[in-house]
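J.: sequence plus the predicted model coming up.
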Amino acid sequence: MKNIPAMHLPIGLHINKLMLIGGVALCFVHLSMNQSNAQNYPRSDTDVTTYHYDSRRTGWNQNETVLTTENVNSSSFRVLHSVALDDQVDAQPLVVTHQRIRGLRGRHDLLYVVTANNTVYALDADTGAVLLTRRLGPPVPQERLPGKCNNNGPNIGITSTPVIDREAGTMYVIPYTLENGQPVYRIHALDLRSLDDKVEPVRVAASHTLTDGTRYAFRADVSRQRPALLQANGNIYAAFGSFCDYRADVSRGWLLGWRADTLEPLRANELVNVEATSPHNYFLSGIWMSGYGVAAGPGGALYFVTGNSDPSGTTYHPPLNLQQSVVKMSGDLTEVLDYFTPSGPRFGVSTLDRRDEDFGSGGVMIVPGRRDGPPLAVAAGKVGRMYLLDRSALGGYDPGTERVLGVFSIGACWCGPSFFVGADNVRRIVSSGGQSVMVWRVEPADSDEEDAAATLTKESVSATLATGQDPGFFTSISSDGTEEGTAVIWAVGRPTDTSPALLTLYAFDARDGRTLFSSAAGSWPLPNHNANVVPVVANGKVYVASYKALNIFGLNGQLSARVGPSPSAGREHQTFGTVAAIQDLPGIPGGLVTLRTRTGALVQVDTSEAQREHASEVMVLGRAVGVRGLADAAGVVHAEAIVRAKDSPALWHHE
C-alpha cells in the first residue's frame, strides 16, 4: 500500500481488503467522505497516472468502490458536470488526488487534460472547475503536414497521453509546436502544482545508422507522436509513426527515451526500419497503435506493435525491418530481445504490407501473471486476429506456422485490449474489435500442472455498439477488487455519421455483457480522424474527453452531455469513393484509378502527382479513399493527395 503520512490520514480510513494478483499485494483503502452529488458514498482515493491505468496497459481500476452493476443505470447515472475546452482531446485524461496547487489552500483532487491546441488543463476532478492552464506553444496547422494529412484535426498539438510521476510531482508531455516556421517536438517535465517546467524542455532529436552506413536523422516534420508516453526503468519513452503514411520515403518508426529526472536522452534509440533501399522507396514500419501506449513487462522490457512498410511485400528483414510485428525491446533501447510476426498466405507480413492492413493499428497488453502457465501478452490489428503470446518466447517468424498460444477472431481492431479478474478469481481479457465487447477467460483458470496449455475461451459478447469510423474502440474496467457484481466494462463508441457525430458512453456488466447504460458523451465532428477515446473511471466518476468538451458522469447526475461546437466551414473539397479499377500510366504503376462514389458515379483519378510527392495511400481494389485535387476539362481529377477513407459512405464528406 502506498504510504500516506499520518498527519494527512482522513477520518474514517480503513483497509477494506488485501488481495494477491500477479504476486503483488494490493490493499484497497476506502474513505468515507462527501461526494459533490449530495449523497455519501464510500470511495477510494485512486490516481490514474498513465494510459490505461498502468504500464502493462490493463485498463483495470480495481479500486472502484462507488460504481457497481446495481447503480449504473439510466435512472441514477448521468452527467454531473461538463467543461468547455479549447480544442479536441486525443489523449486520455489523468487523475491525481490530494494534490497541492500553487495559490490555492489545501489539497485538491485533480483531472489533467491536454488538447490539440497544446493546452494543459488542471481541473477540479469533482466539479470540472478550471484551476490551472498552460499553453505549450502554437500547434502545427494541418497545412504544414505531409500531404496536408487530414487524419487529425486542423491543429496538431498534444496527441499522446502524458504520464505522471506522482512521487516526483511531475507530468511528462510532448507538444507538437511550430517554431520559426518549423514543426518541433519537445518533451516537458511539468510541476503538478503549477504546470511550470521543472527542467529545461528538450527538443526531440535522434539519429541511427542505416544498412549502407549513412546516418538517418529523426524528422519532426514527417513523424507523428501518437502512442501514449511510458514511464519505466527510470526513463520516459515515446514512440513515433507517420502522418497518413505520407512521405513514406523518409518517415520511419522510432522508439526514443529520456532520463526521467533530467530529460537527458538515452544513448541508444530504436529505429524499427534501418534498410537503406526498398522497391518503392517506401519505409515506415511506424509505431502508432491508435494511441495505445508502449507497454512495460515486470522485468522492464518494452513491448509495442509496428505497422506497414513497402507495399511490394518484400522488405521484411528482421531485425533490420520489423514491420507488422510485436516487438520486445530492452529498456535501454540497445537490443531487440524478441518479436512475433504473422505468417501465412492470407494474414502474413507480406500480405499485410501489400494491403496496408497494419498489425500496428492496435496495441499489445501484458497479461498480469499467475503461478500457472507462461507469461502472456495479447495483441490484434486491422484484420481482427487477436494473438495470445508467450512473452518468454514470442514466436519470431516461421513461414510454415505461427508459433503462438492461440489466435482468436475479435473483429477488425483500431483498438486495444483490457484485463480484469472476476469474482471467481479467474483472469479475463476484454477485446473491442468490430462493434462488440468480448470477454475471454484465460485458461487454464487454476492448474497445478506445469505444462498446462494457456488459451482463451470466449465467455460473453455485448450488444452491438453504435460505433463508426474504423472498426473497434477502447474499453476500461472498474471493480471493487473481485467483489461480485462490481465489475463494469466501459466503452466509448465512435461516431456513426458526421451530423451530429455523437460519441456514446456504454457500461456493460462484466459477468455477461448485459448493457447497463448508454448515453451521448460528447461529439467528434472529424470524420477522417478516429476518436480513440478512453473512458476514465476513478473515485465514483467517469470522465469522457472529446471534441472541445469534457463530460463528468456520476451517480445522481442531472445533465445532458456537452457537445463541442461544429468546426468552422472551409475544408477543402475532396472526392470520396471505393477503388473500382487500377491502371498503369507510363512510368507510374497504378497511376490511373477509377473511383465509384456514393451515388454510383465513376470518377477517374490521375494519381501521378500524389505518388511523386509520396502523398498517396496504397491503392487496393474495393478500398475507400478520399482524393484532394482539381478536375480537368475531361473530368479527370488530378490528385494532390490520396488518403484512406472510412468504409462507411455516411462518413464521407465534401463529396
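T.: Looks like it arrived, so ask away.
J.: could you use CA atoms for every contact and neighbour count after this?
T.: Noted.
J.: look up how far Ala624 lies from Gly635.
T.: Shown here: Gly635 relative to Ala624, a distance of 20 Å by C-alpha to C-alpha, to the nearest Å.
J.: the more surrounded of these two?
T.: Neighbours were tallied for Gly635 and for Ala624 using other C-alpha atoms under 10 Å; the higher tally belongs to Ala624 (23 against 11).
J.: and Ile552, what element?
T.: strand 547-555 (DSSP states H and E).
J.: just how off-centre is the next helix-or-strand element following that strand within its chain?
T.: Downstream of strand 547-555, the first helix or strand assigned by DSSP H and E is strand 575-585. How far strand 575-585 lies from its chain's middle: 31 Å, per C-alpha atoms, centre = their mean, to the nearest Å.
J.: hmm, who's touching strand 575-585?
T.: Applying C-alpha atoms under 8 Å, 6 or more residues apart in numbering, the contact partners of strand 575-585 are 589-598, 619-628, 645, 649, 652-655.
J.: quick one: average confidence on it?
T.: The pLDDT scores in strand 575-585 average 90.
J.: which parts of that strand are buried?
T.: For strand 575-585, the neighbour count (16 or more other C-alpha atoms under 10 Å) marks Thr575, Phe576, Gly577, Thr578, Val579, Ala580, Ala581, Ile582 as buried.
J.: got phi/psi on the residue lying closest to the fourth one once chain neighbours are set aside?
T.: In space, and not counting its chain neighbours, Thr578 is closest to Ala624: 4.1 Å by C-alpha to C-alpha, 6 or more residues apart in numbering. With angles defined as degrees, to the nearest 10, Ala624 shows backbone torsions of phi -90, psi 130.
J.: repeat that for the one 5 residues further on.
T.: For Gly629, the backbone dihedrals are phi 170, psi 180 (criterion: degrees, to the nearest 10).
J.: distance of it relative to His638?
T.: The value you get for Gly629 to His638, if C-alpha to C-alpha is used, is 5 Å.
J.: can you pull out the helices in the stretch 1-150 of the chain?
T.: Using DSSP state H, counting those that start in this stretch, the stretch 1-150 of the chain contains no helices.
J.: low pLDDT regions in it?
T.: Residue ranges of the stretch 1-150 of the chain with pLDDT under 70: 1-42.
J.: and with 80 instead?
T.: The stretch 1-150 of the chain contains residues with pLDDT under 80 at 1-44.
J.: now the strands for the stretch 251-400 of the chain?
T.: Assigned by DSSP state E, counting those that start in this stretch, the strands in the stretch 251-400 of the chain fall at 254-259, 270-271, 295-296, 302-305, 326-329, 336-340, 364-367, 376-379, 385-390.
J.: what's in contact with the first one?
T.: Read it as strand 254-259. 206, 234-241, 264-266, 269-272, 286-287, 333.
J.: please pick the buried ones from those residues.
T.: For those, buried by 16+ other C-alpha under 10 Å: 206, 235-241, 265-266, 269-272, 286-287, 333.
J.: need the nearest residue in space to Asp212, chain neighbours excluded.
T.: Ala276 (5.9 Å).
J.: residues near Val250, how many?
T.: Neighbours of Val250 (other C-alpha under 10 Å): 18.
J.: that one: what secondary structure?
T.: The local conformation at Val250, judged by DSSP: H, G, I helix; E, B strand; the rest coil, is coil.
J.: for Arg43, give the beta-bridge partners.
T.: Leu31 (DSSP bridges).
J.: hmm, I was thinking of His638
T.: Asp606, Leu630.
J.: my read is that it contacts Glu609, right?
T.: Yes. Using C-alpha atoms under 8 Å, His638 is in contact with Glu609, at 7.4 Å.
J.: look at the two and report which has more neighbours.
T.: His638 (20 against 17).
J.: what residues are up against the more buried one?
T.: Val605, Asp606, Thr607, Ser608, Glu609, Gly629, Leu630, Ala631, Asp632.
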